[in-house]
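J.: I would like the atomic coordinates for the input below:
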Amino acid sequence: MASNLDYLDPNLLPLEEKVTAYLAAEEELRQLHVAAVSHQAEAAQPAPDPAPFEQRPPTGSFDQTTDEQAQQRDNLQTTLAALRQDILALLPTRDEWVKVNLGYGPSRVGAFRDETSPADAPNYILRVVH
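T.: Next comes the predicted model:
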């Protein structure tokens, strides 16, 4: 029974915090992608015929939403890459699952070697089961 409680080890707290932050950043990136696709779909729809006396937007004004979303996406991808490196550094083993506590029982996180990467410089894929 003691092996089933290994995920409660206090030495795994930093790993758990990084994994939680990683999952939150992934979710935020997914939501940003959905918002970007929705914005593109709205922008692609033809504009209704304006009234004859409607005021035009000032010269040089443009929709900044796309630029802001691209900047947020770049920032999130940078954050995800940094968190991924931190998690890989905190994992005690490679090619094995490590049980962690993400708040609702044992979850698993692991770094598994990419089969297509060269043997002298292996690339690891981060996997989280929650």
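J.: For the chain, just list every one of the strands.
T.: 98-101, 106-113, 124-129 (DSSP state E).
J.: would you list these in TSV and tack on mean neighbour count and mean pLDDT?
T.: For glycine as for every other residue, the C-beta is placed from the backbone atoms N, C-alpha and C. Shown next, in TSV, are the strands of the chain (neighbours: other CB atoms under 10 Å; pLDDT from 0 to 100):
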stretch	mean neighbour count	mean pLDDT
strand 98-101	21	90
strand 106-113	18	92
strand 124-129	14	94
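J.: so which of the ones you listed gets nearest D86?
T.: The closest of those to D86 is strand 124-129. By CB to CB, the value is 10.6 Å.
J.: which stretch among the strands of the chain comes nearest A25?
T.: Closest to A25 of the strands of the chain, according to CB to CB: strand 124-129, at 12.0 Å.
J.: Name the residues that touch that closest one?
T.: With contacts defined as CB atoms under 8 Å, 6 or more residues apart in numbering, strand 124-129 is touched by 19, 22-23, 84, 87-88, 94, 97, 107-114.
J.: same question, stretch 29-46
T.: Stretch 29-46 has contacts (CB under 8 Å, 6+ apart) with D63, T65, T66, Q69, Q72, R73, L76, Q77, L80.
J.: Quickly check the residues you listed for the two that are furthest apart.
T.: Maximum distance among the contacts of stretch 29-46 (CB to CB): 26.5 Å, for D63 and L80.
J.: who has more neighbours, those two?
T.: A direct count of neighbours by other CB atoms under 10 Å for D63 and L80 places L80 higher, at 17 against 10.
J.: contacting residues for the residue nearest the centre of the chain?
T.: Most central in the chain under CA atoms, centre = their mean is E26, positioned 1.9 Å from the mean C-alpha point. Neighbour list for E26: L80 [criterion: CB under 8 Å, 6+ apart].
J.: I'd say Y22 and Q85 touch.
T.: No: here Y22 does not reach Q85: they are 10.6 Å apart, not a contact under CB atoms under 8 Å.
J.: If anything else comes up later, I'll come back, but that's it for now.
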